[in-house]
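>>> 3D model of this:
(chains A and B)
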Amino acid sequence: MKPFTVHTGLVAPMDRANVDTDMIIPKQFLKSIKRSGFGPNLFDELRYLDEGQPGADCSQRPLNTEFPLNFPRYQGASVLLARENFGCGSSREHAPWALEDFGIRCIIAPSFADIFYNNCFKNGVLPLALDAADVDRLFEAMYADEGYQLTIDLERQCVIEPDGRETGYQVEEYRRYRLLNGLDDIGITLEHADAILRFEAQAREARPWLFDAVGAREQTS
Amino acid sequence: MSGRTLYDKLWDAHLVETLDGGSALIYIDRHLLHEVTSPQAFEGLRLAGRAPWRIDANLATPDHNVPTDKAERSGGVDGIVDPVSRLQVQTLDDNCRDFNIVEFEINDHRQGIVHVIGPELGATLPGMTVVCGDSHTATHGALGAMAQGIGTSEVEHVLATQCLVQKKMKNMQVRVDGTLQPGVSAKDVVLAVVGKIGTAGGTGHAIEFAGEAIRDMSMEGRMTLCNMAIEAGARIGLVAVDDVTLDYVRGKPFAPEGELWDAAEQDWRQLHSDPDAQFDTLVEMRAEDIAPQVTWGTSPEMVLSVDSRVPDPAAIADESKRRAVERALEYMGLEAGQAITDIRPDRVFIGSCTNSRIEDLRAAAAVVRGRQVADTVKQALVVPGSGAVKAQAEAEGLDRVFTEAGMEWREPGCSMCLAMNADKLGAGEHCASTSNRNFEGRQGFGGRTHLVSPAMAAAAAVTGHFIDVRSLASEGGDA
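Have a look, this model is predicted:
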């Protein structure tokens, strides 16, 4: 996973509440067995005028020129400014994969849906929850200033606006540490293998029926 | 010290270790897998040279992509026409074989939607922690299990470590006291809850559904309820264990037996919130106040009683809310102030992990029995949730009730809930659907979804428009 320390990038809007994961990446693209290549289909039904198909060449498809991410001024954006409850709906990790593949490193919104929020951290994308008033201010500043950039500093936990104004935020320490260092979750958890084995042995003793289901019986039947 | 909630008890019983900064390692008892969110996880294991931690904790079945058409289905995996879907289902078979994981393959009689087969096989049990790469995993919380949806990285993490890294959530209780009116179901209750607290109302919480109306519900109803906790923003939905739970679990193929059952039952009897447990958030509703619900918009919170009119944006002061309503009405092709009962569905879908269990099919069949699908309805699909549900429905003759009415009786799978197989809406088509999400394009590009209960979907199918199922005199059964 790509570490995230300090990132400066062009800001683009996704100016509506309750953006769901079906909107971020429609279901037909979930048939892929890979974890890359979803970027061209990010927000597929909003970005293009036709219905997208897996494997189709998106460069030949008709663009929806009214969709902000298609505006020339937002090309190359890596920070997405969004509204309440971003990422609601399904658990599909294809949503952060699509955002990351498109080039988004940070999403700023007043709130996120739980599973999506969690999935972002596994993929080097920082979901940043700021107060609604701060998000409103950033939206206004972005609309007013073509080429508007923000700096997101995860080490110091602040967003830095072009005039130098800093807004602090808090990311849970375990997540911050992993993202700063681009660490593999599984490797860290396996450092606790002894504790897991100990727990498992106790649970097997205390609640043996939890260990007597499907697998054990099915394989002997 | 005040008492513990059901969620607190389940959390404490699975806490392996507390980590720095408030996160914890939580042990996972049951991991369910399907073809869509697992291939990248298995690939990750291979690339890192890791083996599954505990193979017998895993159970897999293909559901999202499988064809429901009998002819296409009869060819098994090789018979799947869409090559991309075929490869994904084949990949699940291959991965399960390589890693020695039990899989109920496409035409196994135990195959079905993963959230239907878990409880009906006794593969998910009270007191378990259950995860699956699917947000509707909350369904299994109806058994008094701590069940939640996870992403693919976490699927790989659970395969490799049998644990999740998690921060404890807050406790919410949704309390519904009183008695539901006849014709009003668990689906109407949960839609009304989502309408009341919104799609972010439960974010950061585990929701426990409680109260007289919940106690009176069957297990099928409780599963419908917990299934849609995520539509209220909560990863976890729960119902306390009682006699209804134990009667349901007893005798299931993988449920404990004999002395093991006795020990388990003693443990499971503790799976309820203590009387003095504190909830961070409390939501209260009266069962009598809940009427059959219909969603009119593009988010599950855009829901109203069937006798209502769709909102008029001009009457909404808040600008962002007004714009959201305007956008939803435009996408849905509805006029401001239009009566819900004037909406005419082009298709009807009865199925999905929300409403494809035997009780759902019985409720729908009671409404359509002796009636015909309206001429204006192009297609009415009935898709049982599993091979077992299908066999039970056929033994009761429900399949004939549906087909004689002009409905299609299909093979088990997720089907038109998310249209990853061939079952989908055309652009602009309205659908009366018993599924869980009405997002733009969810059931097909440009498709327009109205979420309803099975009885309400059946009523719309036979009348050609949404109608309060309570006003339809039912013959040969109650609606």
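
>>> which residues are contacting the longest strand belonging to chain B?
Counting residues, the longest strand in chain B under DSSP state E turns out to be strand B:170-177. For strand B:170-177, contacts defined as C-beta atoms under 8 Å, 6 or more residues apart in numbering or on different chains pick out B:5, B:7-8, B:189, B:193, B:197, B:202, B:204-214, B:234, B:273, B:277-287, B:290. (Each C-beta comes from the backbone N, C-alpha and C, glycine too.)

>>> Distance from the chain centre to that strand, please.
Relative to its chain's centre, strand B:170-177 lies at 19 Å (C-alpha atoms, centre = their mean, to the nearest Å).

>>> which element follows that strand toward the C-terminus?
helix B:186-197 (DSSP states H and E).

>>> Okay, now the sheet partners of the longest strand of chain B, with direction.
strand B:205-210 (parallel), strand B:281-286 (parallel) (DSSP bridges).

>>> residue of chain B with the smallest distance to chain A?
Residue nearest to chain A within chain B (C-beta to the nearest C-beta): B:D56, separated by 2.3 Å.

>>> From B:I101, how far out is that residue?
When distance is defined by C-beta to C-beta, to the nearest Å, B:D56 is 9 Å away from B:I101.

>>> cool, B:D262 as well?
From B:D262 to B:I101 the distance is 30 Å (C-beta to C-beta).

>>> coming back round to it: mean confidence score for the longest strand of chain B?
Taken as a whole, strand B:170-177 has a mean pLDDT of 98.

>>> Buried residues, it. List them.
B:K170, B:N171, B:M172, B:Q173, B:V174, B:R175, B:V176 (16 or more other C-beta atoms under 10 Å in any protein chain shown).

>>> need the longest strand for chain A.
strand A:6-14.

>>> Leaving out chain neighbours, which residue sits closest to B:E429?
Leaving aside its sequence neighbours, B:E429 sits nearest to B:D346 (C-beta to C-beta, 6 or more residues apart in numbering or on different chains; 4.1 Å).

>>> Now the buried members of the contacts of strand B:170-177.
B:5, B:7-8, B:189, B:193, B:197, B:202, B:204-211, B:213-214, B:234, B:273, B:277, B:279, B:283, B:285, B:287, B:290.

>>> any low-confidence regions in chain A?
In the predicted model, chain A carries pLDDT under 70 at residues A:213-221.

>>> Helices along that one, start to end?
With DSSP state H applied, chain A shows helices at A:21-24, A:44-47, A:94-102, A:114-121, A:132-144, A:173-181, A:185-190, A:193-206, A:214-220, listed in chain order.

>>> how about these, which one is nearest chain B?
Nearest to chain B, of all the helices of chain A, is helix A:214-220, at 2.3 Å by C-beta to the nearest C-beta.

>>> Looking only at neighbour counts, state which of B:D262 and B:I101 leads.
A side-by-side neighbour count of B:D262 and B:I101, using other C-beta atoms under 10 Å in any protein chain shown, places B:I101 first with 24 against 11.

>>> got a list of what that one touches?
A:G215, B:L33, B:P52, B:I55, B:N58, B:L59, B:A60, B:N95.

>>> Now do the third one: how many residues are near it, please.
Here the number of neighbours of B:P52 (other C-beta under 10 Å) works out to 19.

>>> and if you look at the fourth one?
Neighbour count for B:I55, taken as other C-beta under 10 Å: 15.

>>> With the one 3 residues further on instead?
Around B:N58 sit 25 other residues, with neighbours defined as other C-beta under 10 Å.

>>> With the one 5 residues further on instead?
Around B:D63 there are 32 other residues, counting by other C-beta under 10 Å.

>>> if I look at it, how far off is B:E212?
Using C-beta to C-beta, we find B:D63 at a distance of 34 Å from B:E212.

>>> do B:I117 as well
B:I117 sits 30 Å away from B:E212, going by C-beta to C-beta.

>>> Kindly report the same for B:V84.
Separation of B:V84 from B:E212 (C-beta to C-beta) stands at 48 Å.

>>> which residue ranges form the strands in the stretch 51-200 of chain B?
Secondary structure of the stretch 51-200 of chain B by DSSP state E, counting those that start in this stretch: the strands cover B:58-60, B:102-103, B:129-132, B:146-149, B:163-167, B:170-177.

>>> same for the fourth one, what does it pack against?
What it means is strand B:146-149. Strand B:146-149 sits against helix B:6-13, strand B:129-132, strand B:236-238, with contacts defined as 3 or more C-beta pairs under 8 Å, 6 or more residues apart in numbering or on different chains; DSSP states H and E.

>>> Quickly run through the sheet partners of it, with directions.
Partners of strand B:146-149 in the sheet, by DSSP bridges, are strand B:129-132 (parallel).

>>> For the partner strand, which outside residues touch it?
For strand B:129-132, the external contacting residues (C-beta under 8 Å, 6+ apart) are B:10, B:14, B:26-34, B:114-115, B:118, B:124, B:137, B:140, B:145-150, B:154-155, B:158, B:164.

>>> Filter those down to the ones in helices?
Of those, the ones assigned to helices by DSSP H are B:L10, B:V114, B:H115, B:G118, B:E154, B:V155, B:V158.

>>> Can you give me the pLDDT of the last one?
Per-residue pLDDT puts B:V158 at 98.

>>> repeat for the one 3 residues further on
The model reports B:T161 with a pLDDT of 98.

>>> doesn't A:G187 make contact with it?
No - counting by C-beta atoms under 8 Å, B:T161 does not reach A:G187; the two are 9.9 Å apart.

>>> And these two? Which one has more around it.
Using other C-beta under 10 Å, the more surrounded residue of B:T161 and A:G187 is B:T161, with 26 against 12.

>>> Not counting sequence-adjacent ones, nearest residue to that one?
The spatially closest residue to B:T161, leaving aside those adjacent along the chain, is A:T189, at 4.5 Å (C-beta to C-beta, 6+ apart).

>>> residue contacts, that neighbour?
A:I196, B:L25, B:H157, B:A160, B:T161, B:C163, B:V165.

>>> The fourth one: how many residues sit nearby?
Neighbours of B:A160 under the rule other C-beta under 10 Å: 21.

>>> I'd say it and A:I188 touch.
No - at 11.4 Å, B:A160 does not count as touching A:I188 under the criterion of C-beta under 8 Å.

>>> can you tell me which of the contacts of B:I101 lies nearest to B:G413?
B:A60 (14.5 Å; C-beta to C-beta).

>>> For the closest one, grab the count of nearby residues.
Counted with other C-beta under 10 Å, residues neighbouring B:A60 total 23.

>>> One more: A:T65?
Burial of A:T65 is recorded as 8 neighbouring residues (other C-beta under 10 Å).

>>> related to what we said a few turns ago, reformat the contacts of A:T189 as CSV; add distance to A:G89.
What follows is the contacts of A:T189, written out as CSV (distance: C-beta to C-beta, whole Å):
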residue, distance to A:G89
A:I196, 31
B:L25, 27
B:H157, 21
B:A160, 27
B:T161, 27
B:C163, 26
B:V165, 23
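
>>> pLDDT below threshold where in chain B?
Short version for chain B, where the test is pLDDT under 70: B:1, B:473-479.

>>> which residue is nearest the centroid of it?
B:T354 (3.1 Å; C-alpha atoms, centre = their mean).

>>> so what's residue 44 closest to, chain neighbours aside?
Looking at chain A here, since you left the chain open. Using C-beta to C-beta, 6+ apart, the closest residue to A:D44 is A:G52 (4.3 Å).

>>> I was thinking of chain B, sorry if that wasn't clear
Going by C-beta to C-beta, 6+ apart, B:G44 has B:E156 as its nearest residue, at 4.4 Å.

>>> Can you report how many residues lie near B:L47?
9.

>>> what angle separates whichever strand or helix holds it from helix A:94-102?
Assigned by DSSP H and E, B:L47 falls within helix B:39-48. Counting by axes from the mean of the first three to the mean of the last three C-alpha atoms, to 10 degrees, helix B:39-48 lies at 60 degrees to helix A:94-102.

>>> my read: B:R235 touches B:Q148, true?
Yes - contact criterion C-beta under 8 Å: B:R235 and B:Q148 qualify, at 4.4 Å.

>>> Settle it for me: which of these two has more neighbours?
The neighbour comparison of B:R235 against B:Q148 (other C-beta under 10 Å) goes to B:Q148, with 31 against 28.
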